[in-house]
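Whatever this is, show me its structure:
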Amino acid sequence: MNVLIFILVIIACVGYVIYVFKQADSKSLDISYMKTSSLSDAISVLDEMSNSDTNYRHYAEIKVTAHGNNSFPAPFSGQSVIYYSNQCFSVTQEKQVTYDKENKRHERIVKRESELSSDNSSEPIFIKDNSIESPILLDLQSFGSKSDLTAGCDRFENKDSQFSRSHFSNYRSGADFLGFRLKERILREGQPLYILGELYRMGNDLYFGYAHQANKSSMVSVKSEDQILNDVKGEKTKALITAAGVAIVAFFFFFSKQF
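Numbering: from 1, shown residues only. Next up is the predicted model:
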């Protein structure tokens, strides 16, 4: 039975590695072989193709800067931004009791985080490059988890801190409550962006958003193209290390008694 379970674990590890590698290779190919387009050229192609297909969306790689109507302070970090996305987690602790093979009691304190809320700003975001005078709209929400923005903050606030008392005074908690973890991603005025996605028209407005075409990568990132490609290589390395680690742990778990 142990051998069968171990084989299943190995198959799962191999499947995980194959999946990560396929996703990473697809992203890497899209980034490496796509020629960066100016917004002016992308708009020209969209206008030409829209003559025969009014629903046409033009897939492109662009390098632009982000802009907003006004900058404002982000709620958690206080930094001047044109966009923010944040999450608030409650942090609690609990005592876990376990018993070993000799029936000895062991206690440890475990911290847990539970999401309380998430929020993002609703002000429009615009993008432009040197090829156009008037910026176009960025549909950032359509990219979802494929957006890689600047880290505004990732910190813990004690339940008795001034920030906690002023922002979460109505929050009811138990004795095991420690405080709040605050995470925030931000976009500043003039931030350079690397974007893979689709240019399209909605009414009289131009938008750049997530690619609807099958097997096409989409992303918005504050990183450069080279940095993104290095991250993709890192994802593959991480997958190999994780799978190897799981396989080694499984081997010793199922077969250690035989040695």
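
Going by C-alpha atoms from here, please, whenever you check contacts or count neighbours.
Noted.

can you map out the strands along this protein?
58-68, 72-73, 80-81, 83-99, 105-120, 125-128, 136-138, 147-148, 150-158, 177-187, 192-202, 205-209, 219-221 (DSSP state E).

quick one: contacts for residue 194?
61, 62, 63, 64, 219, 220, 221, 222, 223, 224, 225 (Cα atoms under 8 Å, 6 or more residues apart in numbering).

Turn the strands of the chain into JSON lines, including distance to residue 230 and mean pLDDT.
Formatted as JSON lines, the strands of the chain follow (distance: least, Cα to Cα, whole Å; pLDDT from 0 to 100):
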{"stretch": "strand 58-68", "distance to residue 230": "18", "mean pLDDT": "96"}
{"stretch": "strand 72-73", "distance to residue 230": "32", "mean pLDDT": "96"}
{"stretch": "strand 80-81", "distance to residue 230": "27", "mean pLDDT": "97"}
{"stretch": "strand 83-99", "distance to residue 230": "25", "mean pLDDT": "89"}
{"stretch": "strand 105-120", "distance to residue 230": "29", "mean pLDDT": "88"}
{"stretch": "strand 125-128", "distance to residue 230": "25", "mean pLDDT": "97"}
{"stretch": "strand 136-138", "distance to residue 230": "25", "mean pLDDT": "96"}
{"stretch": "strand 147-148", "distance to residue 230": "14", "mean pLDDT": "93"}
{"stretch": "strand 150-158", "distance to residue 230": "18", "mean pLDDT": "93"}
{"stretch": "strand 177-187", "distance to residue 230": "21", "mean pLDDT": "93"}
{"stretch": "strand 192-202", "distance to residue 230": "14", "mean pLDDT": "95"}
{"stretch": "strand 205-209", "distance to residue 230": "24", "mean pLDDT": "95"}
{"stretch": "strand 219-221", "distance to residue 230": "13", "mean pLDDT": "94"}
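
Next, count neighbours for residue 15.
By other Cα atoms under 10 Å, the residues close to residue 15 number 13.

any idea what sits nearest residue 194, other than its immediate chain neighbours?
Nearest residue to residue 194, sequence neighbours excluded (Cα to Cα, 6 or more residues apart in numbering): residue 63, at 4.8 Å.

no wait, residue 135
Computed as Cα to Cα, 6+ apart, the closest residue to residue 135 that is not its neighbour in sequence is residue 128, at 4.7 Å.

follow-up on the earlier one: export the strands of the chain to a markdown table and tack on distance to residue 22?
Formatted as a markdown table, the strands of the chain follow (distance: least, Cα to Cα, whole Å):
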| stretch | distance to residue 22 |
| --- | --- |
| strand 58-68 | 21 |
| strand 72-73 | 40 |
| strand 80-81 | 36 |
| strand 83-99 | 29 |
| strand 105-120 | 31 |
| strand 125-128 | 31 |
| strand 136-138 | 28 |
| strand 147-148 | 20 |
| strand 150-158 | 27 |
| strand 177-187 | 28 |
| strand 192-202 | 18 |
| strand 205-209 | 23 |
| strand 219-221 | 17 |
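
so which of those comes closest to residue 20?
Taking Cα to Cα, strand 219-221 is the member of those nearest to residue 20, at 16.8 Å.

what's the closest one in contact with?
Identification of contacts with strand 219-221 by Cα under 8 Å, 6+ apart yields 140, 143, 146, 147, 148, 149, 193, 194, 195, 196, 197, 210.

switch to 10 Å and redo it
27, 61-63, 138, 140, 142-150, 192-197, 209-211, 227-228 (Cα atoms under 10 Å, 6 or more residues apart in numbering).

Give me the buried subset of those.
Neighbour-count burial (16 or more other Cα atoms under 10 Å) applied to these gives 27, 61-63, 138, 140, 143, 146-150, 192-197, 209-211, 228.

these two touch, right, the residue nearest to residue 135 and residue 68?
No. Contact criterion Cα atoms under 10 Å: residue 128 and residue 68 do not qualify, at 11.1 Å.
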